[in-house]
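Visitor: No letters, just coordinates:
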């Protein structure tokens, strides 16, 4: 007979055995409860360390950028005319140049004769259209039919044609008429073209005849019979009115490297000289150093908030002070000291305050843009040298803390994660141990109920025997 089947609370003894077992299990589970508390605390600690590590890594990125000499090659180009724009690259140099814009580069636009869409513009089977480029190259396309839409589609699908075609309706009525508009893909004289009806062999023969003095056949085959806009090169005149006046002509409206590292784009002719000035981009450099100081502030603020203490008043009127999740951690204290020293130490024998970086009484850094700008204007080389030195120190410090393989904070997080895994294993072991203990207690109390039940039965039997014995004797 199974003893468990009789394990009903208070069946014989009147005891609340379930409550007793639960209370005993609470005592038995005390070590596991402590482990769970440690697990929760450690997980919170890891989360805080990961947040700090992420911010330190971001600081390292900002510092690395500020320490890179290429970041200090920041220049801006300005133009005295809205029709001329200029952009300065990292290899630009401070300087200026003046010029007039004589003409801007344009692409060729030509149209066909007025025609109905009746497949008479391009005949032949299959129909063919040949585009002749400025260099004499011939590109032939074959529309699926002689319709204007098919002709335009075939031209547009030819990547090497150098021309785009558009069907334009020019009259209404029952029988509308159209023109095919041809637009060159590129500006300048190098983008000129001619469009002919016919295949490459036919057009080649007609070109040869024209070169020999008989243009009749070639003219008859030409589709772009009228020019809407001629292709032309862009032209500027440098140092106009001086002994070294010089004209610069090219097919594009963007004059690349007109000054070293400076591209100039023109959009319309000018009557007065245009001046393009190139200067150091003070705003960009100020933002560079300001971003470094700001990133440092984010890290120090994170440490401050995670180590701040909290004072609470208890119900009995006493107060208790609780430290932040990172309070007292040596790795965090070392990180704070390392980063602060890297930013605060002199560079080239000068205090960072000379370029606007100061350490305040509350343990934070601040940046004075006016001081930095004035120092940059007075001695750009000194400012760059100081800023890149302290930025490199900060970058090295941040890397030693947050490197994904052997950074101090990274290793700390890894160790804590291992501890969490160990706590989890111990808690799982306790789950199995406590389950066996609960089962043992349930068996014990079930057996107790069975034993008491048997004793009660025996007591009842003895009582009945004694009662019958007394009756017999009487």
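Guide: Looks like it arrived, so ask away. No experiment lies behind these values; they were computed from the predicted model shown.

Visitor: what sits up against stretch 113-125?
Guide: 112, 127-129, 143, 145-149, 151, 167, 170-171, 175-180, 197-199, 223, 225-226 (C-beta atoms under 8 Å, 6 or more residues apart in numbering). For glycine as for every other residue, the C-beta is placed from the backbone atoms N, C-alpha and C.

Visitor: Check which residues of that stretch are buried.
Guide: 115, 117, 119, 121-122 (16 or more other C-beta atoms under 10 Å).

Visitor: Likewise for stretch 322-342?
Guide: Result for stretch 322-342 [16+ other C-beta under 10 Å]: buried residues 324-326, 329, 331-332, 335-336, 338-340, 342.

Visitor: Then stretch 270-278?
Guide: By neighbour count with 16+ other C-beta under 10 Å, stretch 270-278 contains the buried residues 270, 273-274, 276-278.

Visitor: Closest one of those residues to residue 457?
Guide: Nearest to residue 457 among the buried residues of stretch 270-278, counting by C-beta to C-beta, is residue 278 at 110.1 Å.

Visitor: residues in contact with the closest one?
Guide: 75-77, 86, 88, 92-96, 259, 262.

Visitor: now residue 209, nearest residue through space, not along the chain?
Guide: In this structure, residue 209 finds its nearest non-sequential neighbour in residue 217, 5.7 Å apart by C-beta to C-beta, 6 or more residues apart in numbering.

Visitor: Tell me the secondary structure at the one you found.
Guide: helix (DSSP: H, G, I helix; E, B strand; the rest coil).

Visitor: you'd agree it is up against residue 206?
Guide: Yes - Residue 217 is in contact with residue 206 according to C-beta atoms under 8 Å; the separation is 4.3 Å.

Visitor: Comparing those two, which residue is more hemmed in?
Guide: residue 206 (22 against 17; other C-beta atoms under 10 Å).

Visitor: any idea how far residue 221 is from the more buried one?
Guide: Distance of residue 206 to residue 221, given as C-beta to C-beta, to the nearest Å: 6 Å.

Visitor: quick one: secondary structure of residue 101?
Guide: Using three-state DSSP, the structure places residue 101 in strand.

Visitor: What about it, how many residues nearby?
Guide: Residue 101: 23 neighbours (other C-beta under 10 Å).

Visitor: Please apply the same query to residue 388.
Guide: Residue 388, neighbours per other C-beta under 10 Å, totals 20.

Visitor: What confidence value was assigned to the residue lying closest to it once chain neighbours are set aside?
Guide: Distances taken as C-beta to C-beta, 6+ apart put residue 67 closest to residue 388, at 4.9 Å, once the chain neighbours are dropped. The model reports residue 67 with a pLDDT of 96.

Visitor: Can you name the residues that contact residue 67?
Guide: Contacts for residue 67 were tallied using C-beta under 8 Å, 6+ apart; they are 388-389, 391-392, 395.

Visitor: Columns distance to residue 457 and secondary structure on top of those residues, output as a markdown table?
Guide: Output for those, formatted as a markdown table (distance: C-beta to C-beta, whole Å; DSSP: H, G, I helix; E, B strand; the rest coil):
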| residue | distance to residue 457 | secondary structure |
| --- | --- | --- |
| 388 | 96 | helix |
| 389 | 95 | helix |
| 391 | 90 | helix |
| 392 | 91 | helix |
| 395 | 86 | helix |
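
Visitor: quick one: which of these is nearest residue 307?
Guide: Looking across the contacts of residue 67 and measuring by C-beta to C-beta, the closest to residue 307 is residue 395, at 24.2 Å.

Visitor: List the residues that contact that closest one.
Guide: Contacts of residue 395 (C-beta under 8 Å, 6+ apart): 60, 63-64, 67.

Visitor: what about the helix ranked longest in the chain, distance to the chain center?
Guide: Criterion DSSP state H: the longest helix present in the chain is helix 408-473. Remark: helix 408-473 is offset 59 Å from the chain centroid, using C-alpha atoms, centre = their mean, to the nearest Å.

Visitor: what about it, average pLDDT?
Guide: If you average the pLDDT over helix 408-473, you get 84.

Visitor: Could you list every helix and strand in contact with that helix?
Guide: Helix 408-473 makes packing contacts with helix 17-28, helix 30-67, helix 330-344, helix 380-402 when contacts are defined by 3 or more C-beta pairs under 8 Å, 6 or more residues apart in numbering; DSSP states H and E.

Visitor: any idea which of those is most buried?
Guide: helix 380-402 (a mean of 21; mean count of other C-beta atoms under 10 Å).

Visitor: I'd like to check the angle between that helix and helix 408-473, please.
Guide: With axes from the mean of the first three to the mean of the last three C-alpha atoms, to 10 degrees applied, the angle from helix 380-402 to helix 408-473 works out at 20 degrees.

Visitor: Quick one: mean pLDDT for helix 380-402?
Guide: Mean pLDDT, computed over helix 380-402, is 96.

Visitor: so where's this structure shaky on pLDDT?
Guide: Along the chain, the model assigns pLDDT under 70 to residues 1-14, 470-474.

Visitor: How is it partitioned into domains?
Guide: Domain ranges of the chain: 75-105+233-280, 109-229, per automatic domain parsing.

Visitor: Just put those domains in JSON lines and tack on distance to residue 405.
Guide: Below are the domains of the chain laid out as JSON lines (distance: least, C-beta to C-beta, whole Å):
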{"stretch": "domain 75-105+233-280", "distance to residue 405": "32"}
{"stretch": "domain 109-229", "distance to residue 405": "49"}
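
Visitor: for these, which one sits closest to residue 453?
Guide: Nearest to residue 453 among the domains of the chain is domain 75-105+233-280; the distance by C-beta to C-beta comes to 94.3 Å.

Visitor: so how far is the closest one from its chain's centroid?
Guide: Using C-alpha atoms, centre = their mean, the offset of domain 75-105+233-280 from its chain centre is 34 Å.

Visitor: end-to-end on that domain?
Guide: Chord length of domain 75-105+233-280, first to last residue, is 4 Å (C-alpha to C-alpha, to the nearest Å).

Visitor: tell me the SS of residue 353?
Guide: Put simply, residue 353 is helix when judged by three-state DSSP.

Visitor: Disregarding residues adjacent in the polypeptide, which is nearest to it?
Guide: Closest to residue 353 by C-beta to C-beta, 6+ apart is residue 371, at 7.8 Å.

Visitor: go on, residue 334?
Guide: Leaving out its chain neighbours, the residue that sits closest to residue 334 by C-beta to C-beta, 6+ apart is residue 408, at 7.1 Å.
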